[in-house]
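Student: Attaching a predicted model along with its sequence, questions to come.
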Amino acid sequence: MSYPDKIKNIYLTQLAEIQHAGIFKEERFIHSSQSADIEVEFPSGSDLKKVINMCANNYLGLSSHPEVIRAAHEGLDTRGYGMSSVRFICGTQDIHKELERRVTEFLGTEDTILFPSCMDANAGVFEAILTSEDIMISDRLVHASIIDGMRLCSAQHDTFKHSSMEHLEEKLLLHADKRLKLVITDGVFSMDGDTAKLDEMVKLCEKYDAMLLVDDSHASGFIGKTGRGTHEFCNVFGKIDVITTTFGKALGGASGGCVSGRKEIVEMCRQKARPYLFSNTIAPVIVSGVLKVFDILSASTERRDKLEKNAAYWRKGLTEAGFLLKEGNTPIVPVMLFNAKLSQDFSRDLFNEGIYAIGFFFPVVPNGQARIRTQISAGHEIHHLDKALGAFIKVGKKYGILGLTKDQIIEKYGL
Amino acid sequence: MEEMTLNEMKDLVLKYVIKEYIDDDDVTITYETPLISSGYVDSFSMVSLLVFLENKFKIKIPPSKATPEAFDSVNSIVALVNQYLK
């Protein structure tokens, strides 16, 4: 063991560079359960502040739902705390198989395999199903976990311009000679809140004998008229070869993910996906909670309907107030500010007004596209949204950006 | 292939890079602009540039030479192409 100053200083220098670049990430400590109303300690050591949470992936408001909590307790009592084993040794319970069956039914696929997270699902799936004879063609705005998964895979990779079907077709033609072609996209893009054109992508994939993989983490549970996901919204239910998704957002918000799709592909993951082979799967207590989530979603579409109404209300309010939003029809509503420092100042002032919403800037989003990303929940009531809107307008007036065009905001604050 | 001047080669590559990778009209790309290290071109997208160069200049660039560093500007790309034209 050796950790002399020269090693320590390498890290200190790198950390100082991150701070200097203004991209040092700090956690805010929440002292309550996850919901629309939370109590936050920020900065560290300060008094607790009651704020409205406008940045959680808690789309359906199920993170602290009493029935989910009760089911988790029951799971803990009947199936214990941990498995102390990976799935294929002695880490599979009946409830893991039950959850795989329920997910398959919900997503309209052939089979499902659970992973500790969707990050792990994306890290494992490509390497398990493709070789160096194959090509992965991904949308340029796919989630970081997909990029990491592709890096771990020996297949070649190429990209197409965000949501450009013409460019995708060019790439399918360019790589026509490859053994397998896998087109890869997010269902709903997490930073912009727009939706992939899955109907057109399915047609192109059929035309060029390509498979289609969709990461539906920001859609499962609420996009589409019964919340099955982007494939339901685009009328291609049952036509997606591979869906990866998470239980860490709308579906209870705890953790865990899966690969769901063609039977053979799921079986290949079971045989070869390293995060499945070399890591414990989702703990029984969480599996029990997610099973209850599927009970709730199967009984009624009330929560996703409320979410849709809330998102429309929020989007309309911001637009009428004169904010510039990214176009879209999902609960992800990005308020565009363009300038990185403005996004940080705006977020800080919102927090002082009792609204918790984070500013995002390069490299999380492209340079010059800084924004406050707001995320709406079925756990929000109209009074939450009205209070948040009031705070946005107050801070928007302070910075004089209401009613301004993109060019005018950039002229005022720079890029 | 017809003999091309160095600047003609650079223009050809520059035109392809802009068409293939640059969506923002406000962005100006020159021969020297860092493409990958500045985030304009994702290293994942390099394969189509490689295929373009190999088809256009009728050359074969070994995968070990098609590095993000070698593809980081129009100048460096054309320098790489020239190694295989000779």
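Tutor: Happy to help now that I have it. Predicted model, so just to flag it, every value in this text is computed and none were measured. Numbering: from 1, shown residues only, chains lettered A, B, ... in the order given.
Student: any idea which residue of chain B is furthest from its center?
Tutor: residue B:26 (20.4 Å; C-alpha atoms, centre = their mean).
Student: Would you mind giving the secondary structure of the residue lying closest to that residue once chain neighbours are set aside?
Tutor: Leaving out its chain neighbours, the residue that sits closest to residue B:26 by C-beta to C-beta, 6 or more residues apart in numbering or on different chains is residue A:368, at 7.9 Å. Quick note: C-beta positions are derived from backbone N, CA and C, even for glycine. For residue A:368, the assignment made with DSSP: H, G, I helix; E, B strand; the rest coil gives coil.
Student: picking up where we left off before, so the residue farthest from the centre of chain B sits in a strand?
Tutor: No. Counting by three-state DSSP, one finds residue B:26 to be coil, located in no strand.
Student: give me phi/psi at it?
Tutor: Dihedral pair for residue B:26: phi -80, psi -20, per degrees, to the nearest 10.
Student: With the one 10 residues further on instead?
Tutor: Backbone torsions of residue B:36, given as degrees, to the nearest 10, read phi -90, psi -50.
Student: Low-confidence bits of the chain, can you list those?
Tutor: By default, I'm working from chain A. Scanning chain A for pLDDT under 70 picks out nothing.
Student: oops, chain B please
Tutor: Using pLDDT under 70, chain B drops low at B:1-2, B:86.
Student: how about the helices of it, start to end?
Tutor: Assigned by DSSP state H, chain B shows helices spanning B:6-21, B:46-57, B:74-85.
Student: give the contact list for the residue most central in space within chain B.
Tutor: Closest to where the C-alpha atoms of chain B average out (C-alpha atoms, centre = their mean) is residue B:77, at 4.5 Å. Contact analysis of residue B:77 by C-beta atoms under 8 Å, 6 or more residues apart in numbering or on different chains lists B:13, B:49, B:53, B:70-71.
Student: any idea which of those is the one closest to residue A:139?
Tutor: Set against residue A:139, the nearest of these by C-beta to C-beta is residue B:49 (17.9 Å).
Student: That closest one contacts residue B:72, doesn't it?
Tutor: No. Under the criterion of C-beta atoms under 8 Å, residue B:49 makes no contact with residue B:72, lying 11.4 Å away.
Student: Give me the buried entries from the contacts of residue B:77.
Tutor: B:13, B:49, B:53, B:70-71 (16 or more other C-beta atoms under 10 Å in any protein chain shown).
Student: Tell me which two in the residues you listed are the farthest apart.
Tutor: B:13 and B:70 (12.5 Å).
Student: Tell me, how many residues neighbour the residue in the stretch 1-150 of chain A that chain B sits nearest to?
Tutor: Here the residue of the stretch 1-150 of chain A nearest chain B is residue A:140; by C-beta to the nearest C-beta that distance is 6.4 Å. Around residue A:140 sit 17 other residues, with neighbours defined as other C-beta atoms under 10 Å in any protein chain shown.
Student: wait, it sits on residue A:163?
Tutor: No. Residue A:140 is beyond contact range of residue A:163, at 9.3 Å (criterion: C-beta under 8 Å).
Student: Identify the residues contacting the strand or helix carrying residue A:106?
Tutor: Residue A:106 is located in helix A:94-107, with elements delineated by DSSP states H and E. Contacts with helix A:94-107, where a contact means C-beta under 8 Å, 6+ apart, come from A:75, A:79, A:87, A:109-114, A:216, A:220, A:228-229, A:231, A:243, A:245, A:258, A:260, A:281-282, A:284, A:287-288, A:290-291, A:294, A:297-298.
Student: Can you list the buried residues in it?
Tutor: Neighbour count says helix A:94-107 has A:95-96, A:99-100, A:102-104, A:106-107 buried, by 16+ other C-beta under 10 Å.
Student: How about the residues of chain B by chain A?
Tutor: With C-beta under 8 Å from any C-beta of the partner chain as the criterion, chain B comes near chain A at residues B:23-24, B:26, B:39, B:42, B:44-45, B:47-48, B:51.
Student: what's residue A:299 sitting at in phi/psi?
Tutor: According to degrees, to the nearest 10, residue A:299 has phi -80, psi -30.
Student: Check which element follows the longest helix anywhere in chain A along the chain.
Tutor: When chain A is parsed with DSSP H, its longest helix is helix A:302-321. Next along the chain after helix A:302-321, taking DSSP H and E as the criterion, comes strand A:332-338.
Student: That following strand versus helix A:302-321: what angle between them?
Tutor: 20 degrees (axes from the mean of the first three to the mean of the last three C-alpha atoms, to 10 degrees).
Student: helices or strands next to strand A:332-338 in the packing?
Tutor: Under the contact criterion of 3 or more C-beta pairs under 8 Å, 6 or more residues apart in numbering or on different chains; DSSP states H and E, strand A:332-338 touches helix A:302-321, strand A:370-375, helix A:406-413.
Student: Out of those, which is closest to chain B?
Tutor: Among those, if distance is taken as C-beta to the nearest C-beta, the winner is helix A:406-413, at 9.3 Å.
Student: Only C-alpha atoms, please: export that closest one in CSV.
Tutor: Below are the C-alpha coordinates for helix A:406-413, written out as CSV (Å, rounded to 0.1, in the frame of the first residue of the first chain):
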residue,chain,number,x,y,z
LYS,A,406,-33.3,32.5,-28.0
ASP,A,407,-31.2,35.1,-29.7
GLN,A,408,-32.2,37.8,-27.2
ILE,A,409,-31.3,35.6,-24.2
ILE,A,410,-28.0,34.8,-25.8
GLU,A,411,-27.4,38.5,-26.6
LYS,A,412,-28.1,39.3,-23.0
TYR,A,413,-26.1,36.6,-21.2
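Student: And that helix, what's buried?
Tutor: In helix A:406-413, counting by 16+ other C-beta under 10 Å, buried: A:409-410, A:413.
Student: just stretch A:25-34 next, same as before
Tutor: A:30, A:34.
Student: May I have the phi/psi pair for the closest residue to residue A:156 other than its chain neighbours?
Tutor: Nearest in space to residue A:156, with sequence neighbours left out and distances taken as C-beta to C-beta, 6+ apart, is residue A:135 at 4.9 Å. Phi and psi for residue A:135, reported as degrees, to the nearest 10, are phi -130, psi 140.
Student: Residues in a beta bridge with residue A:135, which ones?
Tutor: residue A:156, residue A:181 (DSSP bridges).
Student: How much space separates it from residue A:176?
Tutor: Going from residue A:135 to residue A:176 by C-beta to C-beta, to the nearest Å gives 10 Å.
Student: So which of the two has more stuff around it?
Tutor: Using other C-beta under 10 Å as the criterion, residue A:135 and residue A:176 rank with residue A:135 on top: 24 against 12.
Student: Please name the residues that touch that one.
Tutor: A:155-158, A:175, A:178, A:180-182.
Student: do residue A:373 as well
Tutor: A:55, A:191, A:193, A:332-335, A:357-358, A:360.
Student: Include distance to residue A:401 and neighbour count when you put those residues into TSV, please.
Tutor: Converted to TSV, these look like this (distance: C-beta to C-beta, whole Å; neighbours: other C-beta atoms under 10 Å in any protein chain shown):
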residue	distance to residue A:401	neighbour count
A:55	20	16
A:191	20	19
A:193	20	24
A:332	20	22
A:333	16	25
A:334	14	23
A:335	10	22
A:357	15	22
A:358	18	18
A:360	17	20
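Student: who in the stretch 101-250 of chain A is up against chain B?
Tutor: A:138, A:140, A:147, A:150, A:156-159, A:161-162, A:171, A:174.
Student: which one of those residues sits closest to residue A:9?
Tutor: residue A:147 (30.7 Å).
Student: Now name the helix or strand holding the closest one.
Tutor: helix A:144-151.
Student: Can you give the contact residues for that helix?
Tutor: So helix A:144-151 is in contact with A:118-119, A:122-127, A:136, A:138, A:157, A:184, A:186, A:215, B:44, going by C-beta under 8 Å, 6+ apart.
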